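> Starting from these lines, generate the structure:
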Amino acid sequence: MSLHKWTIGAVAAAVLASGAAVVPASAQEGIFVPLLTYRTGAFAGSGIPIADGMHDYLRMLNERDGGIGGVRLIIEECETGYDTTRGVECYEAVRGRNPVVVNPYSTGITLQLIPRAAVDQIPVLSMAYGLSAAADGRVFPWVFNPPLTYWDGASVFIKHVAEQEGGFENLQGKTIGLLHLDAPYGREPIPVLEALAEEHGFRLRLYPVAAQDMQNQGSVWLNIRRDRPDWIYLQGWGAMNPTAVREAIRTGFPIDRMIGVWWAGGDEDARAGGAQARGYKALNFHGTGADFPVIQDIITHVHDKGLSQFPRERVGDNLYNRGIYNSMLVAEAIRTAQEITGRAQVTGADVRLGFEAMNITEERLAEMGMEGFAAPLSLSCEDHSGHHQVYLAEWDGERWTQGSDWMDPMVDRVRPLIEEAARNYAAANTGWPERTEACPE
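Predicted structure coming up:
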């Protein structure tokens, strides 16, 4: 289990063997932000740009601002390989060092850490991934999944399909497929798709892809050709996504009728289809490209100083920007916690309050150099996701473009399902801890 540590003054690497002693981080050293990342294995193609984006934004704050509120950030990576067991080992390695937040970057790892969060008092940020039911802050006070859940994303997909078909009434009799990684992540949208299928009369077909078959999807696409779905929602990750794009083109499935979740919108995912991938779409909740002041600051303070591992020519790739967005949420939770407590050196419990009080306005986005990069975002005690807007990013053959206006999830349908699932989760886990303080009425 490797651990990569960027110290205050220079980049250094360290290897931490499983079970090795961990030296506690003192309060004077700074604010400890561990990053669980995967630069190796079948998912590395997606994991590397995200890891670099997360690191580079936080490193930029250290280089440009001296950290947050005058306290420098201790930024460390632990390699999970997108493996749940290794991810839990990484968590065990860092939890005794007073991290203010944990970024699992895997739904499987997140599911294992959710029961630990309240006990260890370390907030879990599963940004637009993980357990959709965790959006209910009354049941999951230590877990946050902004800006929206997988259930929100699936509802936006169905809304888009309805618009293209001329109305929800025209979904009756349609066949909609879910092509998904056969893992907790890939199965997450199934409950809301099933509920919407029952409500609107379309047939839902499930096409699971085992991790070992991500690059060998021939049999799955034979089933798709047999069923002839009208639309496909792609909930893939890593090597599965570019393979799905190539198979859709090879089998003649209309590429503009396969819509990816935001994790199926990597540059390499679409590029794998060549010129024929033009028109492929994926949900997104932030900007692409490098033409934002915040990214120019990252170039100046990190890349130009040789402090980034990411290729300079790829800065602005969608998943690199995804990592930037993730670390922006971390930084804003820390900043808000400092304002709430009046202390520069904050704890995980403080940062949890910072997440619940988060209110990123248009004005704040402009201050951060993110005007036009993302939509405003706010969380609350009850709502740890926000159910915020997304848009359809569209591949033009070379890069991602904004292919639609910003769209709202079907919150009226999704939120009751989330609250019911949260209650069921608590009931199924005997002794599930109740929130220690009530949410304001």
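> send the alpha carbons of the helix or strand where F157 lies over as CSV?
Assigned by DSSP states H and E, F157 belongs to helix 150-165. Extracted in CSV, the C-alpha atoms of helix 150-165 (Å, rounded to 0.1, in the frame of the first residue of the first chain):
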residue,chain,number,x,y,z
TYR,A,150,-26.6,9.0,-8.9
TRP,A,151,-30.4,8.9,-8.5
ASP,A,152,-30.5,12.6,-9.5
GLY,A,153,-28.4,11.8,-12.6
ALA,A,154,-30.6,9.0,-13.7
SER,A,155,-33.6,11.2,-13.3
VAL,A,156,-32.0,13.9,-15.5
PHE,A,157,-31.3,11.2,-18.1
ILE,A,158,-34.9,10.1,-18.2
LYS,A,159,-36.0,13.7,-18.4
HIS,A,160,-33.7,14.3,-21.4
VAL,A,161,-35.1,11.1,-23.1
ALA,A,162,-38.7,12.4,-22.5
GLU,A,163,-37.8,15.7,-24.0
GLN,A,164,-36.3,14.1,-27.1
GLU,A,165,-39.3,11.8,-27.4
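> what angle do whichever helix or strand comes after it and helix 150-165 make?
Scanning forward in sequence from helix 150-165 by DSSP H and E, the next helix or strand is strand 175-181. If you take axes from the mean of the first three to the mean of the last three CA atoms, to 10 degrees, strand 175-181 sits at 140 degrees to helix 150-165.
> buried ones in strand 175-181?
176-181 (16 or more other CB atoms under 10 Å). C-beta here means a position set from N, CA and C on the backbone, and glycine is covered the same way.
> List of residues touching it?
Outside of strand 175-181, the residues within contact range by CB atoms under 8 Å, 6 or more residues apart in numbering are 158, 161, 186-187, 189-190, 193, 197, 202-209, 211, 214, 220, 224, 227-237, 240, 244, 258.
> and the gap between Y325 and R435?
28 Å (CB to CB, to the nearest Å).
> can you check V192 too?
In terms of CB to CB, V192 sits 25 Å off from R435.
> Specify which residue of these two has the higher count of neighbours.
In this view V192 and R435 are compared by other CB atoms under 10 Å, and V192 has more residues nearby, 26 against 14.
> give the contact list for the residue nearest to the more buried one when sequence neighbours are not counted.
Nearest non-adjacent residue to V192, counting by CB to CB, 6 or more residues apart in numbering: W151, 4.2 Å away. Going by CB under 8 Å, 6+ apart, W151 touches 132, 188-189, 191-192, 409, 414, 417-418.
> do F168 as well
F168 neighbours (CB under 8 Å, 6+ apart): 162, 200.
> which ones are touching the residue nearest to E165 when sequence neighbours are not counted?
Once flanking residues are discounted, E165 sits nearest to L171: 6.2 Å by CB to CB, 6+ apart. Each residue near L171 by CB under 8 Å, 6+ apart is listed here: 158, 161-162, 165, 200-202.
> Please report the distance of L171 from L234.
According to CB to CB, L171 stands 19 Å off from L234.
> Same check on G348?
Going from G348 to L234 by CB to CB gives 35 Å.
> Look at these two and report which has more neighbours.
Neighbour count, other CB under 10 Å: between G348 and L234, L234 has more, with 29 against 21.
> Shouldn't R250 be within a helix?
Yes: R250 sits within a helix when classified using DSSP: H, G, I helix; E, B strand; the rest coil.
> Selection in ChimeraX covering whichever of the contacts of strand 175-181 are buried, please.
In ChimeraX, this line selects whichever of those come out buried by 16+ other CB under 10 Å:
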select :158,161,186,187,189,190,193,197,202,204,205,207,209,211,214,220,224,229,230,231,232,233,234,235,236,237,240,244,258
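> per-domain residue ranges of this protein.
2-149+306-389+419-428, 150-286+390-411 (automatic domain parsing).
> how about the helices of the stretch 101-250 of the chain, start to end?
Counting by DSSP state H, counting those that start in this stretch, the stretch 101-250 of the chain has helices at residues 107-120, 150-165, 184-187, 190-200, 218-227, 240-251.
> Please enumerate the helices of the stretch 251-400 of the chain.
Using DSSP H, counting those that start in this stretch, helices in the stretch 251-400 of the chain cover 267-271, 293-298, 318-341, 348-356, 362-367.
> where does the protein have its least confident helix or strand?
Lowest mean confidence among the helices and strands of the chain (mean pLDDT, DSSP states H and E): strand 11-15, at a mean of 31.
> Please work out the angle formed by the directions of the helix or strand just after that one and helix 348-356.
Next along the chain after strand 11-15, taking DSSP H and E as the criterion, comes strand 31-37. Strand 31-37 and helix 348-356 are oriented at 70 degrees to each other (the same axes, to 10 degrees).
> now strand 31-37 against helix 107-120, angle please.
150 degrees.
> just how off-centre is strand 31-37 within its chain?
Taking CA atoms, centre = their mean, to the nearest Å, one finds the center of strand 31-37 at 15 Å from the center of the full chain.
> Hey, what's the angle from it to helix 318-341? Just curious.
Using the same axes, to 10 degrees: strand 31-37 against helix 318-341 is 150 degrees.
> Check which residues of the helix or strand that comes right after strand 31-37 are buried.
For strand 31-37, the succeeding helix or strand toward the C-terminus, using DSSP H and E, is helix 44-65. In terms of neighbour count (16+ other CB under 10 Å), helix 44-65 has its buried residues at 44-63.
> State the number of residues packed around D405.
8.
> now it, nearest residue through space, not along the chain?
Y391 (6.5 Å).
> likewise G45?
Nearest one to G45, counting by CB to CB, 6+ apart, is E268 at 5.7 Å.
> Show the pLDDT at that neighbour.
In the predicted model, E268 carries a pLDDT score of 94.
> which ones are touching it?
45-46, 242.
> From E394, how far off is it?
Taking CB to CB, one finds E268 at 16 Å from E394.
> do the same with G273
Distance of G273 to E394, computed by CB to CB: 13 Å.
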